[in-house]
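# Sequence and predicted structure, then a few things I'm wondering about:
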Amino acid sequence: MAPFQRYVMRFQTLTHHAEQSARACAIMLGFAIPVSVALDNLLLAVTLGLWLVAADYRVKFAAIGSNGVALAALALFALLAAGLAWGERESGAGMNMLGKYIDLAFVPIFATLFRTEEARRSAWNAFAAALALTLVLSYLTWGGILAGDGTVIGFPDIPGNDLAMFKKSLTQNVLMAFGAFLFAHRALHAESLRSRIIWSALGLLAASNVLLLVQGRTGQLIFMALAVYFAHSVWRWRGTLVAAIGVTLVAVLLAAGSASFHRLTQTFDDLRIWQPGQSTHTSTGERLEFYRNSVAIVRDHPLIGVGTGGFAKAYADRMAGSEVPPTANPHSEYLNIAVQLGGVGLLALLYLFFCEWRLAPALAAPDRHLARALVITIAFGCLFNSLLMDHTEGLFFAWASGLLYAGLQSRPANSGAPTP
């Protein structure tokens, strides 16, 4: 064999192993995301390095170019990178903010790694295992069998976080609300009675964890929205009506008897006493001030905003001399993007969500409802939190988007479904 041929064969072997290893790391991310920031950062870096070593860029770029979700995510990240070119910001704030959204650039990478149904199934199994572990530890802590002393699990120094295990309550509830949908979805499509019972039990435990044990208003609202969508996906509009009534009744009952759910109902009292422009000691009042002042900044910079990383300075300048404390986070992803990138950036964010919703029917039947559940989870959660800027939620969205919409590339050409 000629030396050149040996070199080609060795290179092909190297790239093949790199591709397989990158896929394995991407699958393991499903377990790491709900559990460990350090581990998911390590896996993310290794996945990128192996993906680059695996080469075959012509095939990869062709797959990315035909994937509307991957392109929409890249477009939003490109706008954030371009936003470094204008506006005023503190030193280093621009690159720091861009780094918070780097997960968007990984959507096309994940989309090329999860092209097989086996890889996608393994990834969801890894994610489900992490949530199941979280549930076990949370219930053991609730039952007094484990003590959430803050050394390994739980956040006892933060009120309402003692039953949140690896993440703070807001993050755990967001992930667990989606997890409840995932478990119910698995139960619905289970091939055996034993599997159906296991997935159903996990779904009920996840629902109870979100609604009864762990405080997190965003996750509770997301859960109720997903419950209505799940009923619609199974029983169509009749199921939607029944689920909406059921969710309302459950909310009323929980408001009277659940300490965890009481924080959600307390929001209405906070809304009633809020006075615009005045300092407030309630989290709801603070958020309303963030929203009101952020909207005013958007009005002053409607087209392209104040630039990436410019939110904190723009907000501080506007609040100078007032009683309202400054903030670097408006607790709304829509306002966070709109302040930094104006209407152009907001449209790019909305288009990403719209693109995922529109292309979901092109996926295989089991995945299309998970895809729309993901959109509901993140788009709804972004109303009240800057989820894409937050590490765990932002990485989960990027990982799940790449995982789900990688299925677009393996769809039969004559299926008649919408093309990306």
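Alright, I've got the coordinates. This one's a predicted model, so the numbers in the text were calculated from it and none came from an experiment.

# Relative to Leu104, how far out is the closest residue to Ala348 other than its chain neighbours?
If the residues on either side of it in the chain are set aside, Ala348 comes closest to Leu76, at 4.6 Å by CB to CB, 6 or more residues apart in numbering. C-beta here means a position set from N, CA and C on the backbone, and glycine is covered the same way. In this view, Leu76 and Leu104 are 6 Å apart by CB to CB, to the nearest Å.

# residue contacts, the residue nearest to Ala348?
Residues near Leu76 by CB atoms under 8 Å, 6 or more residues apart in numbering: 101, 104, 345, 348-349, 352.

# now do 6 Å
104, 348, 352 (CB atoms under 6 Å, 6 or more residues apart in numbering).

# Most neighbours of all those residues, which one?
Greatest neighbour count in those, by other CB atoms under 10 Å, goes to Leu352: 26 neighbours.

# Okay, and that residue sits in which element?
Using DSSP states H and E, Leu352 falls within helix 333-359.

# Can you name every helix or strand that that helix contacts?
With contacts taken as 3 or more CB pairs under 6 Å, 6 or more residues apart in numbering; DSSP states H and E, helix 333-359 sits against helix 68-82, helix 283-300, helix 365-381.

# What average pLDDT does the last one get?
Rounded to a whole number, the mean pLDDT of helix 365-381 is 94.

# Next, the angle helix 68-82 makes with that helix.
For helix 365-381 against helix 68-82, the angle by axes from the mean of the first three to the mean of the last three CA atoms, to 10 degrees is 30 degrees.

# Now tell me what touches the helix or strand following helix 365-381 from outside.
For helix 365-381, the succeeding helix or strand toward the C-terminus, using DSSP H and E, is helix 391-405. Residues outside helix 391-405 that contact it (CB under 6 Å, 6+ apart) are 29, 33, 69, 103-104, 106-107, 110-111, 114, 120, 123, 171, 174, 367, 371, 374, 378, 387-388.

# nearest to Leu44, of the helices and strands packed on helix 333-359?
Between Leu44 and the helices and strands packed on helix 333-359, the tightest spacing by CB to CB is seen for helix 68-82, at 14.8 Å.

# chain center to that closest one: distance?
The chain centroid and the centroid of helix 68-82 are separated by 16 Å, computed with CA atoms, centre = their mean, to the nearest Å.

# Repeat that for stretch 337-356.
So, by CA atoms, centre = their mean, the centroid of stretch 337-356 is 16 Å from its chain's centroid.

# In the protein, where is pLDDT below threshold?
Low-confidence segments of the chain, defined by pLDDT under 70: 1-9, 11, 147-162, 239, 243, 248-283, 409-420.

# Could you chop it up by domain?
For the chain, automatic domain parsing gives the domain ranges 8-55, 67-408.

# Compare these and give me the one nearest Phe61.
Among the domains of the chain, domain 67-408 comes nearest to Phe61, with 8.9 Å by CB to CB.

# Now do the closest one: distance from first to last residue.
In domain 67-408, first residue to last residue: 7 Å (CA to CA, to the nearest Å).

# begin at 728 from here
Yes, from this point I'll number from 728; that puts the last item at domain 794-1135.

# residues near Ala1065, how many?
Ala1065: 25 surrounding residues under other CB under 10 Å.

# Name the surrounding residues that touch stretch 790-801.
Contacts of stretch 790-801 (CB under 6 Å, 6+ apart): 831, 834-835, 838-839, 1078-1079, 1082-1083, 1086, 1128, 1132, 1135-1136, 1147.

# Of the residues you listed - the most surrounded one?
Tyr1132 (30 neighbours).

# Going along the chain, name the strands of the stretch 878-1027 of the chain.
Assigned by DSSP state E, counting those that start in this stretch, the stretch 878-1027 of the chain shows no strands.

# Quick check: the closest residue to Val1025 other than its chain neighbours vs Asn852, distance?
Closest residue in space to Val1025, ignoring its immediate chain neighbours: Ala1065 at 4.8 Å, by CB to CB, 6+ apart. From Ala1065 across to Asn852, the span is 38 Å (CB to CB).

# Same check on Gly795?
Here Gly795 is placed at a distance of 27 Å from Asn852 (CB to CB).

# Neighbour count for these two, which is higher?
Gly795 (20 against 14).

# hang on, the earlier thing: and among the domains of the chain, the most buried is which?
Ranked by mean neighbour count, the domains of the chain are led by domain 794-1135 with a mean of 19 (mean count of other CB atoms under 10 Å).

# sorry, back to before: from the contacts of stretch 790-801, which single one is nearest Leu953?
Using CB to CB, Glu1083 comes nearest to Leu953 of the contacts of stretch 790-801, at 15.3 Å.

# Distance of that closest one relative to Gly757?
Using CB to CB, one gets 18 Å for the distance from Glu1083 to Gly757.

# for Ala797, same thing?
The gap separating Ala797 from Gly757 is 19 Å, by CB to CB.

# Break down the stretch 828-977 of the chain into its helices, ranges please.
Using DSSP state H, counting those that start in this stretch, the helices of the stretch 828-977 of the chain run over 834-840, 844-869, 896-915, 920-935, 944-984.

# Nothing else from me, thank you.
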